[in-house]
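[1] I need the structure of the sequence given here:
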Amino acid sequence: MKRFHVHAHVEDLQRSIAFYTKMFGAEPTRVESDYAKWMIEDPRLNFAISTRGSKPGVDHLGIQTDTEEELAELKTRAEAADLSIAEEGETTCCYARSEKHWLTDPQGIAWEHYHTLGDIPVFSQKQAAPAADASSCCAPRAPRGKPIGIPVSSSDNCC
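    Numbering: from 1, shown residues only. All right, here's what the predicted structure looks like:
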């Protein structure tokens, strides 16, 4: 079964954790100094917040799969619809190791399709500390394969 994913940048992590904990009626499943995540079952939602963005707001949307087969199905569906895909493959980001690819909708909203392979102790094993001007937390630095028509906001200082 798939899970809807939303990642938002926040200015005040502790205040936001308190708000979302009350709103979801659940404690976060992971809390770090710059990040928190809730894995909600009803509705099935992976909601993450971090202080790594250049401005508050929704960073990207996504679909997290439970299996490699579901991820392959999402990719096949995107390819059949002739959507531009930025293949990232196996990577680390948001305290996790994942297999992923990216799409960008006509308005420029980044969509991440991914399958989590395991947790890691740092935000990204490529770079543990955020850059002062970090923007999109996990969006690809440069598309691989077909180019994306509308660029995903990204930074070389990201996962």
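
[2] all helices in this protein, in order from the N-terminus.
    Ranges of helices in the chain, per DSSP state H, are 13-24, 68-80.

[3] can you check which of those helices gets nearest to E87?
    Nearest to E87, of all the helices of the chain, is helix 68-80, at 8.4 Å by C-beta to C-beta. All C-beta atoms are positioned from the backbone trio N, CA, C, and that covers glycine.

[4] can you check which of the helices of the chain gets nearest to S54?
    If we rank the helices of the chain by C-beta to C-beta, the stretch that ends up nearest is helix 13-24, at 15.5 Å.

[5] what residues of the closest one count as buried?
    L13, S16, I17, Y20 (16 or more other C-beta atoms under 10 Å).

[6] which one among these gets closest to L45?
    Comparing those against L45 with C-beta to C-beta places Y20 closest, at 10.9 Å.

[7] turn the helices of the chain into TSV, columns for distance to E90.
    Formatted as TSV, the helices of the chain follow (distance: least, C-beta to C-beta, whole Å):
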stretch	distance to E90
helix 13-24	28
helix 68-80	11
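
[8] and these: which comes nearest G89?
    G89 lies closest, by C-beta to C-beta, to one member of those: helix 68-80, at 11.2 Å.

[9] hang on, the earlier thing: list just the nearest of the buried residues of helix 13-24 to R97.
    Among those, and counting by C-beta to C-beta, the member closest to R97 is L13, at 23.0 Å.

[10] separation between the closest one and L103?
    Per C-beta to C-beta, to the nearest Å, L13 is found 28 Å from L103.

[11] repeat that for I85.
    Distance of I85 to L103, computed by C-beta to C-beta: 6 Å.

[12] okay, and the common contacts of the two?
    A78 (C-beta atoms under 8 Å, 6 or more residues apart in numbering).

[13] can you pull out the low-pLDDT segments for this protein?
    Within the chain, the segments meeting pLDDT under 70 span 126-159.

[14] switch the cut-off to 50
    Segments of the chain classed as low confidence (criterion: pLDDT under 50) are 127-136, 140-159.

[15] which residue of it sits farthest from its center?
    Distance from the C-alpha centroid of the chain peaks at A80, with 23.3 Å (C-alpha atoms, centre = their mean).

[16] my guess is L45 meets A26, correct?
    No. L45 lies out of contact with A26 (C-beta atoms under 8 Å); the separation is 10.4 Å.

[17] find residues that contact each of those two.
    Shared between the contact lists of L45 and A26 (criterion: C-beta under 8 Å, 6+ apart) are residues W38.
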